[in-house]
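A.B. asks: Below is the structure, and that's it, no one-letter string:
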């Protein structure tokens with residue numbers, strides 16, 4: 001009876017420790033894994049500039065160094081837009097826009113976006129920043145209302161998984177991609193346009209990814225990472241990604257270290273507990289042999305026992321850690337499933353290895369008997 005109670009207590013402790021291990025490790029990896037993705041949302045191109053003269057200076061240096069590049073220029077308008085008709089009921093309550101649904105959003109022409117076709121009565125939305133994306137749940141169809149001198153109602157047809165403009169211009173909200181005719185009409189409606197700091201966005205991408213670091217050095221040499229206005233500056237995607245990782249570095253280290261420590265500790269405790277039990281079970285194996293049990297039959301029993309001892313804490317800890325991560329993963333990054341699945345897979349493999357080692361040791365003790 002006492003042995004059953006101690007075994008149950010041990011499995012309970014190991015399950016709790018393992019759940020913390022997987023949860024903390026998953027949150028750490030979510031932070032690291034999401035650094036690149038969040039950077040691409042903030043800065044959609046390798047280099048973001050808002051001034052033609054500085055862009056020309058940078059491009060001239062790239063050409064002098066023989067670095068092939070792609071350039072895109074996007075002119076944008078800022079105007080009040082009502083997107084609540086294309087949002088599911090209640091999905092925008094956290095933004096507090098139910099009473100005044102008009103938002104100052106950026107509008108760009110489909111002509112300036114590569115491989116995108118929009119009809120005159122249609123509109124396509126770009127991706128929002130992840131915190132805002134969590135609050136906005138879009139319908140499949142609906143009308144977007146642009147509040148110009150005369151209201152413009154456009155049919156919402158698609159939501160892109162990327163952003164065309166720098167997040168500092170959009171404030172993290174989706175942008176509207178409209179037909180060239182609609183764009184020109186709105187551009188002439190000066191009374192409805194809102195002032196914004198950077199009507200021109202210039203994105204420069206390297207054709208060869210391994211040359212991004214060299215281009216980034218040129219970017220710094222030309223002092224293009226300078227402050228350019230009220231609050232938005234030219235940006236390097238590589239630099240922003242490194243800043244994100246540095247910002248989260250201490251958290252990633254602490255949670256990763258604690259998660260790994262808990263993981264190894266719980267596995268070792270369970271493994272050495274099984275080693276002790278194997279030594280204590282030698283008399284039982286002797287009795288089973290005298291009763292006529294074959295070696296194969298006893299091995300099947302050993303496997304079932306280890307499956308319970310390692311499998312039960314594994315399943316319960318994975319379930320607990322899933323709910324732990326699910327409750328707050330969005331604070332640490334933008335992708336939950338892939339990082340969590342990778343961590344859980346590593347954890348499962350480690351447990352399986354310890355389980356196989358314990359089973360092997362039981363076999364050794366049984367055969368000695």
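C.D. replies: Ah, there it is. Computed from a predicted structure; not experimentally measured. Residues are numbered from 1 along each chain as shown.

A.B. asks: close enough to count as contact, residue 196 and residue 168?
C.D. replies: No. Using CB atoms under 8 Å, residue 196 and residue 168 do not qualify as a contacting pair, with a distance of 10.8 Å. All C-beta spots, glycine's among them, are computed from the backbone N, C-alpha and C.

A.B. asks: where do the helices sit along the stretch 101-250 of the chain?
C.D. replies: 130-133, 167-170, 180-188, 212-221, 237-280 (DSSP state H, counting those that start in this stretch).

A.B. asks: Give me the contacts around the first one.
C.D. replies: Going back to what we said before, that points to helix 130-133. Counting by CB atoms under 8 Å, 6 or more residues apart in numbering, the neighbours of helix 130-133 from elsewhere in the structure are 38, 41, 95, 127, 172-173, 330, 334.

A.B. asks: Buried among those? Need that as a selection in ChimeraX.
C.D. replies: Listed next is the ChimeraX selection for buried residues among those, using 16 or more other CB atoms under 10 Å:
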select :38,41,127,172,173,330,334
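
A.B. asks: Tell me which two of the contacts of helix 130-133 sit farthest apart.
C.D. replies: 38 and 95 (19.8 Å; CB to CB).

A.B. asks: could you say which helix or strand contains residue 326?
C.D. replies: For residue 326, the enclosing helix or strand under DSSP states H and E is helix 295-328.

A.B. asks: Can you spell out which helices and strands pack onto that helix?
C.D. replies: Using 3 or more CB pairs under 8 Å, 6 or more residues apart in numbering; DSSP states H and E as the contact test, the elements touching helix 295-328 are helix 2-42, helix 237-280, helix 282-290, helix 337-368.

A.B. asks: looking at these, which is closest to residue 57?
C.D. replies: helix 237-280 (18.0 Å).

A.B. asks: by how many degrees do the closest one and helix 212-221 diverge?
C.D. replies: Taking axes from the mean of the first three to the mean of the last three CA atoms, to 10 degrees, helix 237-280 and helix 212-221 form an angle of 130 degrees between their directions.

A.B. asks: any idea how far stretch 67-79 is from the chain center?
C.D. replies: Here stretch 67-79 shows a centroid-to-chain-centroid distance of 26 Å under the convention CA atoms, centre = their mean, to the nearest Å.

A.B. asks: buried sites along that stretch?
C.D. replies: Neighbour-count burial for stretch 67-79 flags 67, 69, 74, 76-79 (criterion: 16+ other CB under 10 Å).

A.B. asks: any idea of the mean pLDDT for that stretch?
C.D. replies: For stretch 67-79, the per-residue pLDDT values average out at 92.

A.B. asks: How about stretch 137-147?
C.D. replies: Computed over stretch 137-147, the mean pLDDT rounds to 87.

A.B. asks: next one: stretch 181-199
C.D. replies: Per-residue confidence for stretch 181-199 averages out to 88 on the pLDDT scale.

A.B. asks: Give me the residues contacting it.
C.D. replies: Outside of stretch 181-199, the residues that reach it under the criterion CB under 8 Å, 6+ apart are 50, 75-80, 104, 106-109, 111, 120, 146-149, 152, 154, 169, 178, 229-230, 232.

A.B. asks: Tell me which entries of these lie within strands.
C.D. replies: Using DSSP state E, the members of these that fall in strands are 75-80, 104, 106-109, 146, 152, 154, 178.

A.B. asks: Of these, just say which sits nearest to residue 316.
C.D. replies: Among these, residue 106 lies closest to residue 316 (CB to CB), at 48.3 Å.

A.B. asks: so what's that closest one bridging to?
C.D. replies: In this structure, residue 106 has beta-bridge partners residue 78, where bridges are defined by DSSP bridges.
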